[in-house]
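**Q** need a structure here:
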Amino acid sequence: MTKRDDSALFGNRFLTVPAPSETFPEEGMAATDAMRLVDVDLAMEGDPQRNLATFVTTWMEPEAQRLIAENLHRNFIDHAEYPISAEIEQRCVRMLADLFHAPGRTTGCRTQGSSEAIMLGALSLKWKWRERRQAAGLSTDRPNLVFGGDVHVVWEKFCRYFDVEPRIMPLAEDKYTIGPEDVEPHLDENTIGVVAVLGTTFTGHKDDVVGIDKLLRDVRKKRDLDIPIHVDGASGAFVWPFLYPDSKWDFRLEQVRSINVSGHKYGLVYPGIGWLVFREEADLAKDLVFYENYLGKTDATFTLNFSTGASMVLAQYYNFVRLGRQGYTYVMKAMQENARALADNLRDSGRFEVIGSDLEQLPLVAFRLAGKHAYDESDIAWQLSAERGWMVPAYTLPPNAERVKILRALVKETLSREQIDRLTQDIADACRTLDDKGAAHSIERTQVKRGTGY
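**A** Residues are numbered from 1 along each chain as shown. This is a model prediction of the structure:
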């Protein structure tokens with residue numbers, strides 16, 4: 001029997017031959033070989049269950065996984081062929097509008113995630129502003145958008161891609177969100193809107209949406225400027241309705257005209273699914289809606305992407321009907337309870353200061369070293385990863401709080417109380433190692449997870 005036959009009979013030929021990587025392969029391979037090849041590569045990645053940096057959902061129920069797998073072939077955009085998928089999308093939009101206290105009939109859409117939803121929502125802000133300016137016979141040359149340094153980078157991308165001046169309000173060393181006093185100096189007749197963040201990626205808190213709304217109502221009355229708010233609820237819009245139902249941040253506030261949220265974060269769906277919901281139909285600029293005659297049916301489309309799978313839309317609807325308000329509240333409270341337990345453990349250790357745990361916050365723990373040490377938060381992140389495989393990001397805050405470095409641990413549905421206690425012990429062990437050896441090497445530091453917006 002030849003060597004090649006032995007390989008086919010007993011093993012995988014890529015156990016001893018490098019994987020294709022530079023050129024398109026001339027020959028194929030058995031399905032089992034291809035599966036093993038990819039699996040072996042992925043074995044070198046981090047464990048998603050220990051990734052405390054990512055907001056993205058890493059576990060769904062088996063029934064949801066089956067629903068996703070059985071519908072991966074379904075192209076959501078083909079409304080003529082798959083009208084039920086389109087109807088389920090609109091059910092989700094209506095349910096979210098209800099959750100966010102929309103006053104009446106409204107509109108919205110699914111997106112690949114909050115980044116697409118933000119681009120679409122901000123485009124509508126720009127075009128609605130342009131409509132108002134043109135109707136008044138005024139210039140439309142210099143639009144600007146006002147937001148704080150606590151936003152996701154996608155807001156700066158929007159401004160660059162779509163020619164809008166960003167007016168970014170800096171943070172401070174003891175102030176990690178924005179309020180009306182920050183916003184007011186930046187407003188003028190060219191302001192297309194103000195962005196308020198519900199659950200920042202840095203510390204998990206919310207901007208003062210109530211105060212900003214009051215400011216903008218006063219500006220409308222005194223200066224005849226109708227400036228809307230877009231709430232970036234990528235993480236928080238699936239948290240606040242269940243943990244803080246009496247906290248006003250949504251369409252209960254008059255100037256809030258649009259909201260985005262990520263279904264694949266605290267909506268508890270795998271990536272990628274996001275949502276954009278408007279206060280009312282008139283808040284969507286009609287010229288942004290395209291009417292396509294596709295495969296025999298005319299459809300209205302308001303997206304940056306076209307073909308995309310229907311499975312995550314169906315998975316979102318599955319979660320809505322599976323959990324309801326009662327179930328989502330239970331899950332969010334369980335995560336919050338474990339986050340508070342981790343915060344208490346870290347605070348009680350005497351090594352750490354916990355940031356803002358007494359405020360309305362996402363289920364996470366933002367913390368930093370207390371006192372002077374021969375090492376810093378980046379060293380702890382590296383040591384924790386090296387010793388136990390936990391991925392906890394260490395990063396500095398945006399200007400003017402860049403001298404503040406923190407660690408942030410997301411507490412998700414998959415992190416049990418037993419794991420909270422294990423994580424606490426592993427952090428303590430990492431610190432003891434650093435007490436003995438000193439700071440991490442500069443090469444090790446370059447491998448520390450520093451991003452916040454996953």
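**Q** show me where the stretch 51-200 of the chain has its strands.
**A** 108-111, 144-148, 165-169, 191-197 (DSSP state E, counting those that start in this stretch).
**Q** tell me what the first one is packed against?
**A** Okay, so that is strand 108-111. Contacts defined by 3 or more Cβ pairs under 8 Å, 6 or more residues apart in numbering; DSSP states H and E place strand 108-111 against helix 83-99, helix 114-135, strand 274-278. Placement of C-beta: from N, CA and C, glycine included.
**Q** likewise the last one?
**A** Strand 191-197 sits against helix 114-135, strand 144-148, helix 209-223, strand 229-232, with contacts defined as 3+ Cβ pairs under 8 Å, 6+ apart.
**Q** show me what contacts Lys405?
**A** Listed by Cβ atoms under 8 Å, 6 or more residues apart in numbering, the contact set of Lys405 reads 368, 376-378, 394-397.
**Q** state the distance from it to Phe367.
**A** Lys405 sits 11 Å away from Phe367, going by Cβ to Cβ, to the nearest Å.
**Q** Val239 is in contact with Leu362, correct?
**A** Yes: between Leu362 and Val239 there is a contact at 5.7 Å, judged by Cβ atoms under 8 Å.
**Q** longest helix anywhere in this structure?
**A** The residue-count maximum for a helix in the chain (DSSP state H) belongs to helix 311-348.
**Q** for that helix, what is the average pLDDT?
**A** The pLDDT scores in helix 311-348 average 98.
**Q** thinking again about what came up before, any shared contact partners between Leu362 and Val239?
**A** Taking Cβ under 8 Å, 6+ apart as the contact rule, Leu362 and Val239 both touch 199, 266.
**Q** who's more crowded, these two?
**A** Leu362 (30 against 26; other Cβ atoms under 10 Å).
**Q** any idea how far the more buried one lies from Pro241?
**A** For Leu362, the distance to Pro241 - Cβ to Cβ - is 13 Å.
**Q** report pLDDT for the nearest residue to Phe238 once chain neighbours are set aside.
**A** Using Cβ to Cβ, 6 or more residues apart in numbering and skipping the chain neighbours, the partner closest in space to Phe238 is Tyr266 (3.8 Å). Here the pLDDT value assigned to Tyr266 is 98.
**Q** what's the helix or strand for Tyr266?
**A** Following DSSP states H and E, there is no helix or strand that holds Tyr266.
**Q** how much space separates Glu26 from Asp33?
**A** Glu26 sits 15 Å away from Asp33, taking Cβ to Cβ as the criterion.
**Q** more neighbours, these two?
**A** Asp33 (17 against 6).
**Q** what's the more buried one sitting at in phi/psi?
**A** Dihedral pair for Asp33: phi -60, psi -40, per degrees, to the nearest 10.
**Q** how much space between it and Lys175?
**A** Distance, Asp33 to Lys175, by Cβ to Cβ: 56 Å.
**Q** before we move on, the earlier item: can I get the strands of the stretch 51-200 of the chain in CSV including mean pLDDT and distance to Ala69?
**A** Below are the strands of the stretch 51-200 of the chain laid out as CSV (pLDDT from 0 to 100; distance: least, Cβ to Cβ, whole Å):
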stretch, mean pLDDT, distance to Ala69
strand 108-111, 96, 19
strand 144-148, 98, 39
strand 165-169, 98, 41
strand 191-197, 98, 35
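**Q** which stretch among the ones you listed comes nearest Lys221?
**A** Closest approach to Lys221 among those is made by strand 191-197 (16.0 Å; Cβ to Cβ).
**Q** could I get the closest one in PDB with only the CA atoms?
**A** The C-alpha coordinates for strand 191-197 follow below in PDB (Å, rounded to 0.1, in the frame of the first residue of the first chain):
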ATOM      1  CA  THR A 191     -25.900  70.500  13.700                       C
ATOM      2  CA  ILE A 192     -27.700  67.500  12.200                       C
ATOM      3  CA  GLY A 193     -28.000  65.800  15.600                       C
ATOM      4  CA  VAL A 194     -26.600  64.900  18.900                       C
ATOM      5  CA  VAL A 195     -25.400  61.300  19.700                       C
ATOM      6  CA  ALA A 196     -26.100  60.000  23.200                       C
ATOM      7  CA  VAL A 197     -24.500  56.700  24.300                       C
END
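**Q** could you list the paired strands of that strand along with their orientation?
**A** strand 144-148 (parallel), strand 229-232 (parallel) (DSSP bridges).
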